[in-house]
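In: Sharing a sequence plus its predicted fold:
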Amino acid sequence: MSEVHREKDDFFVGYMGRLPEATRGAITAFVVCFLAAFVGGALALGAAQGDPGEAGPAGAVTLRGVIYAQPYPHLRMPPEAGRPLGRTIALNSARGKRGVQAEATELFGQTVEVTGGRLLRGEVETLQVGWRRGAHRIVAVEEEMASRLTPVEPLGRWRIAGEICDSKCYLGVMRPGRGLAHKACANLCVIGGAPAVFVAAGPIEGDEFLLLADAGGGPLPPAYRDLTALLISVEGELERRGELLVFKVDLSTAETL
Amino acid sequence: MSVQYKPVLWDRSKMVYDAVLIAAVGAYLLLYLKLAPSLADWSRDVDYNIQRMRAFGTCAFLMLSFILTIGPLARLNPAFLPLLYNRRHFGVLTCVVAAAHAVFVLDWYFAFSDTERYTALLAANTSYGQVLGVPFEAFGIAALGILIILAVTSHDFWMSFLTPPVWKAIHMSVYAAYALVVAHVAFGYLQSERSPVIAAIVIGAAGIVTLLHVAAARGEARIDLSNAAEAAEEEWVDVGPVCSFMEGRGRVVVLPDGERAAVFRHDGKLSALSNVCAHQNGPLGEGRIIDGCVTCPWHGHQFRPEDGCAPAPFTDKVPTYRLKQVGDRVYLNAEALAPGTYVEPIQLEEAS
C-alpha cells in the first residue's frame, strides 16, 4: 500500500462514503453518548416534570344563586347543611381565555341559574360557564335569594405571601396552571376576564384561595401583570363573602420574595 | 463537491448521519411523551399539550448542545471530523424541532383568547424591567429567529451568494442563539420546575459546551504558537526545516500578521496555499493530498496545490504563496497571491 493510500485510510471524505478505521472508535463513542443522552435525557427530563396537582374538570352542574360582577364574576348561594357560610364560586367562561363580565354586570344582584363545567382543586372550585355548545349560560330566575346570603364580613388589613394566578388555569384547565413559565398565559386569561386569584403560601382564615380585587373592590389594575406568577407579599383588606375570601390589595405595597 | 445547486447531494455518509439523527429525535420524543409520564409522580397528568411543548423544547436544547460540541471535539481530536461533514442537517433538524416547540406553545399558552396569538405572545408579559418574571419568551423568539436564518442560509447557494466570510460570520451567530436558548430556559422553565434533575441537565450541557470550547481554544493557541513562522527577511518567513513536511500532508503555519497558510508536500515538492477553504472556511492544512489535490477535512472540497484552483469542472479558488528553500530551511513569502495564481512547486533537496 502506498503512503498516499495509507493516508486515505485515516482521513474521512464524506462523499467517499467510508468511515476510516482510525476514526471509527471516536465516532462510535460519540454516537453511543449521543443516543444514550437522548434516551436518558428523555426519561430523566420527562419524569422530572413537577406534579401539577390534583386539579381539573369535575363534571357539569347547574347552580342557582345570586350573581355578582365585582371584582370578578362570582355566584353566592345561601347557607345549607354542612355549608354554613354558603357555597361561593368564581365564574369563568368555557370559551377560552374569556370571562362572563357582560352577563354578570347585566344580571348583577339577581338570582340566576348557571350551567357550566366544574373545575376542582381540592375543595376549591370554579365554574366554566357555557361548557358545551347550546347549553344555556346564565339565566335569571324568579326567586329571591339575596336576603338569605350571609353578610359580607370584613377581616381587617393583612400582609399575605403568595402568588397571583388566574383562577381558570390554576383550578385545572392547564396542568400546571401556575408558575413563571405560565406567567404570560395567566396575564392573558385575566386580561380576557378570568377572575384573578391570590394563592396564599399558607392558609388564611382556613383558605389559601383568595379572589383578588383592587383597593376599591374592582378588578385589578394593569400593574398586577408585573407581579403575576412571582412569590410576593402584598397588603390589603380581607373580607369574607360566603365561602370565598376577597383580598382587596394595594399593589404599591407588593414585595417580591 | 458540485457544480450545480441541488437541495441535497445525498451520499451514504449523509444518509447514515441523518438516520441516526432522526432515530435519536424520534426516540427522545417517544420516550418523553409515552414512557416518562409513567415514571413521574403526579397526582394528575401534566397536560399532554404542555408535555409536548416541553418534549420538543428540551429536545431542541439537547440537539443544539450536541451540535456545539462537534466543532471543539474535532479541533481537539481529528477523529471526530466526520461529525462535521453533515452538521448542517443536524442544524436544520434542530430548527424544525425548535419551531415545532414554538408552534405548540403558541397554540396552547397564547391561543383561545380574543387577542391574536402573535400579539399575545409579545403583549401578555411586558415585564422587561425585572429579572424574575422577565418575558423569557423573547429570548426564545430571538433564538428561533437566528436558527431559522441559519437553516435557510445553510445551503451552499447562500454561501456562494453571500461569500464565505459573510456566510461564516452569520453562522457564528449560532453561539448567540445558544446563549439565548440558555437564557430562555433559565428564566422560564427552570424558574417553574424545581427538579434538580432538570437544572443539572441544563447546567451540565451548557457547561460541557463551554468547557470544550475553552479546551479547544487553548489547544489552538498552543498549536498557533508552535506553528508560528519567524520573520526572516522582508516578506519571507521561516516555516521550518525540510524534514518537518510529510509526504501527502499539510502543515499549518501562522504568519506574522496572524493569517494562516497551509504548506503541502506532494511527490517530493512543496506548495503553499491559504489555510482557509473556499467552501466553509475549513482548515485546508489539516487535510490530505488525495488524487493530487489538497482535500479539505470538513467537506472534502479539493484544490490543486500548485495554483489553489479546484479541479475542473469546479471553479473555487484559494490564494497561493511562494516558497523557497535555503539550505535545510523552507521560507514562505507572506504576501498572499491572488486566488488561483500558479506557483511552481519547489523540489525539495533533503540534506543527506
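Out: Good, I have the coordinates.

In: you'd agree B:Leu284 is up against B:Ala272?
Out: No - B:Leu284 is beyond contact range of B:Ala272, at 10.5 Å (criterion: C-beta atoms under 8 Å). Heads up, the C-betas are built off the backbone N, CA and C, glycines and all.

In: can you list residues touching both of these two?
Out: B:Ala262 (C-beta atoms under 8 Å, 6 or more residues apart in numbering or on different chains).

In: Let me see the ranges of the helices in the stretch 151-300 of chain B.
Out: For the stretch 151-300 of chain B, applying DSSP state H, counting those that start in this stretch gives helices covering B:156-162, B:164-171, B:174-187, B:189-192, B:196-227.

In: relative orientation of the third one and helix B:196-227 in degrees?
Out: Using axes from the mean of the first three to the mean of the last three C-alpha atoms, to 10 degrees, the inter-axis angle of helix B:174-187 relative to helix B:196-227 is 160 degrees.

In: if you average pLDDT over helix B:174-187, what comes out?
Out: On average, the pLDDT along helix B:174-187 is 97.

In: And for the second one?
Out: With pLDDT averaged residue by residue, helix B:164-171 scores 88.

In: And that helix, what does it pack against?
Out: Under the contact definition 3 or more C-beta pairs under 8 Å, 6 or more residues apart in numbering or on different chains; DSSP states H and E, helix B:164-171 sits against helix B:136-152, helix B:156-162.

In: Who are the contact partners of the nearest residue to B:Leu68 once chain neighbours are set aside?
Out: With C-beta to C-beta, 6 or more residues apart in numbering or on different chains as the criterion, B:Leu68 has its nearest non-adjacent residue at 4.7 Å, and that residue is B:Val209. By C-beta under 8 Å, 6+ apart, the contact set of B:Val209 is B:Ser65, B:Leu68, B:Thr69, B:Tyr178.

In: how much space between the closest residue to the first one other than its chain neighbours and B:Ala123?
Out: Translated: B:Ser65. Once flanking residues are discounted, B:Ser65 sits nearest to B:Ala205: 4.1 Å by C-beta to C-beta, 6+ apart. According to C-beta to C-beta, to the nearest Å, B:Ala205 and B:Ala123 sit 32 Å apart.

In: So which of those two has more stuff around it?
Out: Neighbour count, other C-beta atoms under 10 Å in any protein chain shown: between B:Ala205 and B:Ala123, B:Ala205 has more, with 22 against 17.

In: B:Leu81 touches B:Cys296, doesn't it?
Out: No - using C-beta under 8 Å as the test, B:Leu81 is too far from B:Cys296 to be in contact (10.1 Å).

In: Output the below-cut-off pLDDT ranges for the stretch 151-257 of chain A.
Out: Within the stretch 151-257 of chain A, not a single segment meets pLDDT under 70.

In: pLDDT at residue 81, what is it?
Out: Assuming you mean chain A. With respect to pLDDT, A:Ala81 has a value of 94.

In: my bad, chain B
Out: pLDDT, B:Leu81: 87.

In: same thing with A:His136?
Out: pLDDT, read off for A:His136, is 62.

In: Which residue does the stretch 151-257 of chain A have closest to chain B?
Out: Using C-beta to the nearest C-beta, the single residue of the stretch 151-257 of chain A nearest to chain B is A:Gly179, 3.4 Å away.

In: what's the burial count for that residue?
Out: 20.

In: so who does the residue positioned nearest the centre of chain B touch?
Out: Taking C-alpha atoms, centre = their mean, the centroid of chain B lies closest to B:Gly71, which sits 5.5 Å from it. B:Gly71 makes contact with B:Leu84, B:His213, B:Ala216, according to C-beta under 8 Å, 6+ apart.

In: how near is it to chain A?
Out: Counting by C-beta to the nearest C-beta, to the nearest Å, the gap from B:Gly71 to chain A is 13 Å.

In: For whichever residue of chain A sits closest to chain B, which residues are in contact?
Out: Taking C-beta to the nearest C-beta as the measure, chain A has A:Gly46 as its residue closest to chain B, at 2.4 Å. By C-beta under 8 Å, 6+ apart, the contact list for A:Gly46 reads B:Leu31, B:Tyr32, B:Leu33, B:Leu35, B:Ala36, B:Pro37, B:Leu39, B:Ala40, B:Gln51, B:Arg54, B:Ala55.

In: how about the helices and strands packed on helix B:164-171 in TSV, adding distance to chain A?
Out: Shown next, in TSV, are the helices and strands packed on helix B:164-171 (distance: least, C-beta to the nearest C-beta, whole Å):
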stretch	distance to chain A
helix B:136-152	6
helix B:156-162	13
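
In: per-stretch mean pLDDT over those helices, give me the minimum one.
Out: Among those, helix B:156-162 scores lowest, with a mean of 84.

In: Buried ones in the lengthiest helix in chain A, by neighbour count?
Out: Using DSSP state H to define each element, chain A has its longest helix at helix A:21-47. Going by neighbour count (16 or more other C-beta atoms under 10 Å in any protein chain shown), the buried part of helix A:21-47 is A:23, A:26-27, A:30, A:34, A:37-39, A:41-47.

In: Count the neighbours of whatever residue of the stretch 201-350 of chain B ends up closest to chain A for me.
Out: Across the stretch 201-350 of chain B, no residue is closer to chain A than B:Gly300, which sits at 4.0 Å (C-beta to the nearest C-beta). If you count neighbours by other C-beta under 10 Å, B:Gly300 ends up with 22.

In: Does it touch A:Phe11 like I think?
Out: No - the criterion here is C-beta under 8 Å, and B:Gly300 misses it with A:Phe11 at 9.5 Å.

In: Give me every residue in the stretch 101-250 of chain A lying close to chain B.
Out: A:172, A:174-176, A:179-185, A:187-189, A:191-192, A:225-230 (C-beta under 8 Å from any C-beta of the partner chain).

In: Kindly recompute the last result at 10 Å.
Out: Within the stretch 101-250 of chain A, the positions adjacent to chain B are A:121, A:169, A:172-193, A:222, A:225-232 by C-beta under 10 Å from any C-beta of the partner chain.

In: Can you pick out the ones from those residues that are in strands?
Out: Secondary structure defined by DSSP state E assigns A:Arg121, A:Ile232 of those to strands.

In: which ones among the residues of the stretch 101-250 of chain A next to chain B are found in helices?
Out: Counting by DSSP H, these contribute A:Lys183, A:Ala184, A:Cys185, A:Ala186, A:Asn187, A:Leu188, A:Cys189, A:Val190, A:Ile191, A:Gly192 to helices.

In: Any chance of TSV for these, columns distance to A:Gly56 and neighbour count?
Out: Compiled in TSV, those are given as follows (distance: C-beta to C-beta, whole Å; neighbours: other C-beta atoms under 10 Å in any protein chain shown):
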residue	distance to A:Gly56	neighbour count
A:Lys183	21	31
A:Ala184	22	28
A:Cys185	16	29
A:Ala186	17	33
A:Asn187	22	26
A:Leu188	20	28
A:Cys189	16	32
A:Val190	20	29
A:Ile191	23	21
A:Gly192	20	22
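
In: what domains does the record give for chain B?
Out: Using automatic domain parsing, the domain parsing of chain B gives B:12-224, B:230-347.

In: Going by mean pLDDT, which of the ones you listed comes out lowest?
Out: Of all these, domain B:230-347 has the smallest average pLDDT, which comes to a mean of 89.
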